[in-house]
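> turn this into a structure:
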Amino acid sequence: MEVACAGEEWCPVTATGKLIGRKWHPVVIMELYLAETLGFNELQRAVGGISNKVLSDTLEDLEAKGFVDREIANEKPVRVEYSLTEFGESLEPVIRAMAEWGVDHLEPPEGTEMVSLPDDFY
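I've put the predicted structure just below:
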């Protein structure tokens, strides 16, 4: 996927940052990686603190970029399920490295707890 960087040179770090660098993108990718498939409401609960509109916009952007697949299940009421594409799954080492770095170098703000991730995720 081509993403332009400043000047005449292409920078893979900047390009990757532009693709997944929005606030909720890495969290949504991580939750879909952990669960494999989630409905909209399940994903919203898993992410926590994200509005319907922002989650909808985030999923739309991730789908347009080829990271997320959206499938309509044949149920009444209609259920939409989200999962990572193969391209989205390829971000697993990047998301894992972000989690590892955060655990090693950051502290949660006072009065908050760290998100519970599987022990083998770090």
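> can you give me the strands in the chain?
Taking DSSP state E, the strands of the chain run over residues 37-39, 68-73, 79-84.
> need these in JSON lines with mean neighbour count and distance to P93, can you?
Heads up, the C-betas are built off the backbone N, CA and C, glycines and all. Below are these laid out as JSON lines (neighbours: other Cβ atoms under 10 Å; distance: least, Cβ to Cβ, whole Å):
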{"stretch": "strand 37-39", "mean neighbour count": "16", "distance to P93": "21"}
{"stretch": "strand 68-73", "mean neighbour count": "14", "distance to P93": "18"}
{"stretch": "strand 79-84", "mean neighbour count": "18", "distance to P93": "13"}
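> right, so of those, which gets closest to P109?
Taking Cβ to Cβ, strand 37-39 is the member of these nearest to P109, at 26.7 Å.
> let's have the strands of the chain in CSV, adding distance to S90 and mean pLDDT.
Listed next are the strands of the chain as CSV, based on distance: least, Cβ to Cβ, whole Å; pLDDT from 0 to 100:
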stretch, distance to S90, mean pLDDT
strand 37-39, 18, 95
strand 68-73, 13, 93
strand 79-84, 9, 94
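> export those as CSV, with columns for distance to G48.
Shown next, in CSV, are the strands of the chain (distance: least, Cβ to Cβ, whole Å):
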stretch, distance to G48
strand 37-39, 13
strand 68-73, 18
strand 79-84, 16
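> closest to H25 out of those strands?
Taking Cβ to Cβ, strand 68-73 is the member of the strands of the chain nearest to H25, at 9.8 Å.
> give me the helices and strands touching that closest one, please.
Applying 3 or more Cβ pairs under 8 Å, 6 or more residues apart in numbering; DSSP states H and E, we find strand 68-73 packed against helix 25-35, helix 52-64, strand 79-84.
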